[in-house]
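A.B. asks: Sequence below, structure please.
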Amino acid sequence: MDMIDKFMHAVLSITFFVFFLHYRLFTSLVATARSLFEENVSGKVVLITGASSGIGEHVAYEYARRGACLAVVARREHRLRQVAAVCEIIGSPEAVYIVGDVAKMEDCQQFVEATVSYFGHLDHLVTNAGVTPVCMFQDYDDITKASPAMEINFWGSVYSTYYAYGHLKKSKGKIIVIASSTGWLFAPRLSFYNASKAAVISFYETLRYEFGGEIGITIVTPGLIKTEMTDGKFLSKEARLQLDPEMRDVEISVMPLESACECGKAIVEGSCRGYNYLTVPHWYEWTKLWKVFCPGIMDRWIGFLLMPCNSHNEVPTKKLTHFVNGLTQFLSS
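C.D. replies: Next up, the predicted model:
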């Protein structure tokens, strides 16, 4: 039996790599072909959650430049009003803002129905709203304080999809799901965030089978993007949103950040080309292969960089941040 196991392992490994090379070539050709038949979203209706800042805001701007009608949703009315105004200035025929909390099912029903009532139909749904709890599991005094990760990141997306489904089916529309590369890159202190994004990926991969060709689904797995989150806006263990520069230095460190503007452009372009999956920046796709084929190396490397010895100040990523900042100041002086 041991010989059979080794033989099957060798055969499957070799056939996978041969297949993988041909598959990558095929997907490159398909991507080139899709770029020639990009969907025209001019005049189409797009509903975007979490549109008051970051990725959601810039996705809205990119749709606006392409002439789409927009309904932008978030909890911060003053920010939404500004985003909607900018969208109309840069090309949207009409942009409305709707204050809503995706963690509340009744709010999701209300903003979907309000969008369809106002515009008459719905073509694209972008589920982007999210929050990032940052805390070691054992440091929670009350574990329920981490529940917003699932309520907003996962259930907020599910609720929005539930109420939008019938309208999207009628228009043969699309759902653009903003998940995260943390769906496979599991960083310490982000356990609930990682879990919520992995759940989002699994849920929409399942819906792709259930919906068949009735509704297109693009699952987006961004890496580190320049947003409020990467500036250090996290959900504390007391369930308060706050800026935490020290924890930002630990979790983000000196990793390169893609701009939210470029990310927004890539997301809208990918959805209009009908991509099933999109990772931004593209080089994060290689981390998935490392995770699959060299999981031990990835686990040790992430653990070494992000796990503390006695305090957060001793985490290698934070030390690296301080070293680079000091070197930058020295060279610029």
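
A.B. asks: Residue 42 versus residue 254, what's the distance?
C.D. replies: Distance of residue 254 to residue 42, computed by Cβ to Cβ, to the nearest Å: 41 Å. For the C-beta atoms, the positions are set from N, CA and C on the backbone; glycine is no exception.

A.B. asks: Burial check on residue 166, number of neighbours?
C.D. replies: Residue 166 sits with 11 neighbouring residues when counted by other Cβ atoms under 10 Å.

A.B. asks: please renumber so the chain begins at 59
C.D. replies: Right, with 59 as the first residue, what we last looked at is residue 224.

A.B. asks: Do I have it right that residue 287 meets residue 114?
C.D. replies: No: the criterion here is Cβ atoms under 8 Å, and residue 287 misses it with residue 114 at 11.8 Å.

A.B. asks: quick one, which of the two is more surrounded?
C.D. replies: Neighbour tally, residue 287 and residue 114, criterion other Cβ under 10 Å: the higher count belongs to residue 114, 27 against 23.

A.B. asks: Now the more buried one: which helix or strand?
C.D. replies: For residue 114, the host element (DSSP states H and E) is helix 112-123.

A.B. asks: average pLDDT for that helix?
C.D. replies: Across helix 112-123, the average pLDDT comes to 98.

A.B. asks: And that helix, what's buried?
C.D. replies: 112-122 (16 or more other Cβ atoms under 10 Å).

A.B. asks: Helices of the stretch 59-208 of the chain, residue ranges please.
C.D. replies: Secondary structure of the stretch 59-208 of the chain (DSSP state H, counting those that start in this stretch): helices at 60-93, 112-123, 135-148, 163-177, 206.

A.B. asks: ditto for the stretch 209-358 of the chain
C.D. replies: Going by DSSP H, counting those that start in this stretch, the stretch 209-358 of the chain shows helices at 214-229, 249-269, 303-309, 318-330, 343-351, 353-364.

A.B. asks: And for residue 302, the neighbour number?
C.D. replies: By the measure other Cβ under 10 Å, the count of residues near residue 302 is 16.

A.B. asks: My guess is it contacts residue 290. True?
C.D. replies: Yes: using Cβ under 8 Å, residue 302 is in contact with residue 290, at 5.0 Å.

A.B. asks: on that earlier part again, gap between the helix holding residue 114 and the chain center?
C.D. replies: How far helix 112-123 lies from its chain's middle: 14 Å, per Cα atoms, centre = their mean, to the nearest Å.

A.B. asks: burial measure for residue 355, as a count.
C.D. replies: Using other Cβ under 10 Å, residue 355 has 11 neighbouring residues.

A.B. asks: ok, it - contacts?
C.D. replies: Contacts for residue 355 (Cβ atoms under 8 Å, 6 or more residues apart in numbering) come out as residue 348.
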